[in-house]
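Colleague: sequence plus predicted model, see below.
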Amino acid sequence: MNISKVSGKKNKHKVFVYALSTCVWCKMTKQYLSDNNIEYEYVDVDLCNEEDKQKIHETIQSKGGMLSYPTTIVDDKVLITGFRKDQLKEALEI
Amino acid sequence: MTTIEEARRRAEADAKTFGYFLTPQPDLLQGFLEGLKTNEDRYGYPLCPCRLTSGSFEFDRDIICPCDYRDPDVAQYGACYCRLYVNKQVYESQNLPEVPERRPIEKQARAYGTQAAAPKVAADEAKKQAPTGKAQPIVKKKLWYCKQCGYVVFREDPPYVCPVCKAKREMFAEIESSVEFNG
């Protein structure tokens, strides 16, 4: 799986973003995290192979996600569907 | 290969036909059009940029922009799932609503390969039906006609606005047909 890492000064939380390369809201989520100096990892699901897509499907569903993008997972616990500034702020203490 | 400008013209024409507006924020709009262009170059048709595609036309046809879910979403929330298409109220207020995914989960699951097809029972049924190519339709489509101009459409719900005479949704009535056998 082609996971990209974006470094940032704030690395207190483990942040993972499931995104689509074509999706504006996913880009805005990544931008928002970068603008706030949050360290995060992401994968563009539409560019993954079949096997990886299946793994992602299982992972998101096992965490109660809805297969909508972006899906941001904070510390393997908090799952945020969509570009929700309010929820990201709260989870990441921005 | 399509261009951003072609994608823009198409979206504008479609919004005008159905009485919608395109998203009021220029940078967002540009992003949607770029996503549509990328998908059209990649798959041959302008798939929704906000959804994961299977790459198979048969499985993706409901999410070719404008998707099958746009009209009910604009009617209920004032915007489509992406928020590319919005109604007048949202356009003027510039306040984009949150729009949950309306596409059935079993259709979404197809984008993750056949193994992932949601519940096991559904997967087994899909397998049985697959060879005939006649999967049970999840939404029941009906025939609707515009009482003002006579335009007829076959879909789940009547259109938001008649694409021919611009009559409102209320002007649509269902065409009920039945077959009788005598003797």
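Modeller: Good, I have the coordinates.
Colleague: and the gap between the most centrally placed residue in chain A and B:Glu170?
Modeller: The geometric centre of chain A, computed from its C-alpha atoms, lies nearest to A:Val17 (Cα atoms, centre = their mean), at 1.1 Å. Counting by Cβ to Cβ, to the nearest Å, the gap from A:Val17 to B:Glu170 is 43 Å. Where C-beta positions appear, they are placed from N, C-alpha and C, glycine not excepted.
Colleague: same thing with A:Ile56?
Modeller: A:Ile56 sits 43 Å away from B:Glu170, taking Cβ to Cβ as the criterion.
Colleague: neighbour count winner among these two?
Modeller: A:Ile56 (21 against 8; other Cβ atoms under 10 Å in any protein chain shown).
Colleague: who's in contact with the more buried one?
Modeller: When the contact criterion is Cβ atoms under 8 Å, 6 or more residues apart in numbering or on different chains, the partners of A:Ile56 are A:Met1, A:Tyr18, A:Val43, A:Val45, A:Cys48, B:Tyr112.
Colleague: can you measure across stretch B:68-83, start residue to end residue?
Modeller: Its first and final residues considered, stretch B:68-83 spans 14 Å by Cα to Cα, to the nearest Å.
Colleague: just the buried positions in it, please.
Modeller: Neighbour counts over stretch B:68-83 (16 or more other Cβ atoms under 10 Å in any protein chain shown) mark B:68-71, B:73-74, B:77-83 as buried.
Colleague: how about a markdown table for those, with distance to chain A, pLDDT and secondary structure added?
Modeller: Formatted as a markdown table, the entries for the buried residues of stretch B:68-83 read as follows, by distance: Cβ to the nearest Cβ, whole Å; pLDDT from 0 to 100; DSSP: H, G, I helix; E, B strand; the rest coil:
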| residue | distance to chain A | pLDDT | secondary structure |
| --- | --- | --- | --- |
| B:Asp68 | 17 | 89 | coil |
| B:Tyr69 | 13 | 92 | coil |
| B:Arg70 | 16 | 93 | helix |
| B:Asp71 | 20 | 89 | helix |
| B:Asp73 | 13 | 94 | helix |
| B:Val74 | 18 | 94 | helix |
| B:Tyr77 | 13 | 97 | helix |
| B:Gly78 | 16 | 96 | coil |
| B:Ala79 | 12 | 97 | strand |
| B:Cys80 | 13 | 97 | coil |
| B:Tyr81 | 9 | 97 | coil |
| B:Cys82 | 8 | 97 | coil |
| B:Arg83 | 8 | 97 | coil |
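Colleague: need the max-distance pair from these.
Modeller: Between any two of the buried residues of stretch B:68-83, the greatest separation by Cβ to Cβ is 18.0 Å, found for B:Asp68 and B:Gly78.
Colleague: quick one, grab the pLDDT at B:Cys162.
Modeller: On pLDDT, B:Cys162 comes in at 86.
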